[in-house]
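Trainee: Make a model of this:
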Amino acid sequence: MGRTVRLCVVISLAMMCLAVLEVSVLAKKKRKPRRAKTVAARIVLPNIAVVPQIAPQANVSTGNIQSGSQPGPERVTGIPESSLKGSQVGAPPPANGIIQAGQVIISELRLRGPAGAEDEFVELYNNTDAAIVVASLDATGGWTVAISNGQITGPLFTVPNGTIIPARGHLLGANPNGYSLCNYPSGNGTLIPTGPAPTVAAPCVSNGVGGTFSHTTPDRTWDFDVPDGSGVALFASTNGTNFTAGTRLDAVGFTTSPALYKEGSGIASIVTANLEHTYYRDLRSSKPRDTADNAADFLLVGTAPGIQVTQLGAPGPENLASPIVNNTTILGTLIDPAVPGTSVPNRERNLTPEPNGDFGTLLFRHTITNNTGQPVSRLRFRVINITTFGTPGAECGGICADVRALTSQDGTATLSNQQVVQVRGVRLEQPPEQPAGGGYNASLSADFITLPTPLPPGQSVNIVFKLGVMRPGAFRFFMNIEAQNGIAQQF
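Mentor: From the prediction side, this is the model:
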């Protein structure tokens, strides 16, 4: 056909594990608080103050196993229970091509990072099940993401008319003067390069050729520092005089931001230190929460929680090329449905300590089946709900377990009929570096599924997920699948 054809199909799965981790603590004395020190593959996180409770959100799923509201942790004996969630519900697609507020939203952002004040990005999300073609509401050139802190107001970047944001897809804007997450994996690359690899500025690394994954470089850019505490708004216009409530599609701001540049009273916590962190929409219902209240809708997480950021998690910027979330065409089932979900090989508890697993590890083995009708060429799992460092005990009715998503290894599993099957591991995606393990918004990649080596339609793969246990107690663990279809034979 003369060019690569990339078919994006939104795919999602959510997995829930609820339980109390039962761990032998004989001969273990209560530890005194330790100062942070450098240890290979892990860090010691400080004690934290009480974090306000975040109530569980409504689960709009109508899944093949679970439906209804998302429950709190249950206390059970032994290895935890798990279940899967079903389809995703969102805003209706634009009627007659006319965009409405809530159909494209600001889903993740930060205004500084470890590389300094200009290590910043803003991510947009198509909150519908249909592709959206950008078109202004006032016959101007497109849309504008603008900022304001009360003293400085103006455009950050524009999105031209005609730009297509896939259903459930993302568009990324960033400041290339400081943006440090461009090497975070994105979607399909090019199987056979048609020319030299693109030239990119440090610290970005050219990628995406020979079937490797592309990187999360920005789709749109700006070249100045956005002041801390600025509100960010998306307008369906490029004319600054038309930046009004009538053209505003979404806004995210802080308590000090102007009213037009926030929803509700705004987010209270403003990060002013150069930390690896992000503000992102709560995904615990499997889709970004949007209740027109920024303080309730957004979570603040970081890779090394401390004073300004108190919950463990990671930024996960996504661009137009990134794999897309949906949960209707890939199914996850127990690797051995002949035995209970609480039994080996479906679930396995190991008490041997390891980095980011002082109390051992917990393995979950599932069979993932491709029902998209196309080869799946990209497959990863995003953590959307987890009890980890900084999770308030009130969410668990007492003490929450502190678990960390870790890279798992390939291996085998013996089923109840004595058949030995292969099980594939998944990798905790970096950057950002996550020396304390994965928390909220972390992603785990099935690296062996690529454009040259896709998962064929109708075929399955056995996956093992690994949690490090840093503190026993009641816990939750949910994930979404992010996937992409690709046909390697077409160029």
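Trainee: any weak-confidence spans in the stretch 351-491 of the chain?
Mentor: Scanning the stretch 351-491 of the chain for pLDDT under 70 picks out the ranges 487-491.
Trainee: Now do the strands in it.
Mentor: 361-370, 376-386, 402-406, 411-414, 420-423, 427-428, 443-445, 460-471, 474-475, 477-485 (DSSP state E, counting those that start in this stretch).
Trainee: And stretch 247-265, what's buried?
Mentor: Neighbour counts over stretch 247-265 (16 or more other Cβ atoms under 10 Å) mark 247-254, 256-258, 260-264 as buried. C-beta: built from backbone N, CA, C; applies to glycine.
Trainee: winner for burial among the strands of the stretch 351-491 of the chain?
Mentor: Ranked by mean neighbour count, these are led by strand 402-406 with a mean of 28 (mean count of other Cβ atoms under 10 Å).
Trainee: how far does that strand sit from the chain's center?
Mentor: Taking Cα atoms, centre = their mean, to the nearest Å, the mean C-alpha location of strand 402-406 is offset from the chain mean by 15 Å.
Trainee: just stretch 241-261 next, same as before
Mentor: Computed by Cα atoms, centre = their mean, the separation of stretch 241-261 from the middle of its chain amounts to 25 Å.
Trainee: With stretch 411-426 instead?
Mentor: 28 Å.
Trainee: which residues are contacting that stretch?
Mentor: Residues lying outside stretch 411-426 but in contact with it, judged by Cβ atoms under 8 Å, 6 or more residues apart in numbering, are 335-336, 338-339, 345, 365, 380-381, 407-410, 444-448, 461-466.
Trainee: Send me it as CSV with only the CA atoms.
Mentor: Provided in CSV are the C-alpha atoms of stretch 411-426 (Å, rounded to 0.1, in the frame of the first residue of the first chain):
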residue,chain,number,x,y,z
GLY,A,411,8.8,-19.1,33.8
THR,A,412,6.5,-22.1,33.8
ALA,A,413,3.4,-23.1,35.8
THR,A,414,2.1,-26.6,36.6
LEU,A,415,-1.7,-26.8,36.2
SER,A,416,-3.9,-29.0,38.3
ASN,A,417,-3.9,-31.6,35.5
GLN,A,418,-0.1,-31.7,35.7
GLN,A,419,0.3,-29.9,32.4
VAL,A,420,3.3,-27.5,32.4
VAL,A,421,2.7,-24.3,30.6
GLN,A,422,4.9,-21.3,29.7
VAL,A,423,4.2,-18.0,31.6
ARG,A,424,5.6,-14.7,30.4
GLY,A,425,6.7,-11.8,32.6
VAL,A,426,6.1,-8.1,32.3
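Trainee: give the contact list for the closest residue to Lys466 other than its chain neighbours.
Mentor: For Lys466, ignoring the flanking residues on the chain, the nearest one in space by Cβ to Cβ, 6 or more residues apart in numbering is Ser408 at 3.8 Å. By Cβ under 8 Å, 6+ apart, the contact set of Ser408 is 363, 425-426, 444, 464-466.
Trainee: What is the subsequent helix or strand relative to the lowest-mean-pLDDT helix or strand in the chain?
Mentor: Scoring the helices and strands of the chain by mean pLDDT, DSSP states H and E places strand 81-85 at the bottom, with a mean of 29. The first helix or strand that comes after strand 81-85 along the chain, using DSSP states H and E, is strand 104-110.
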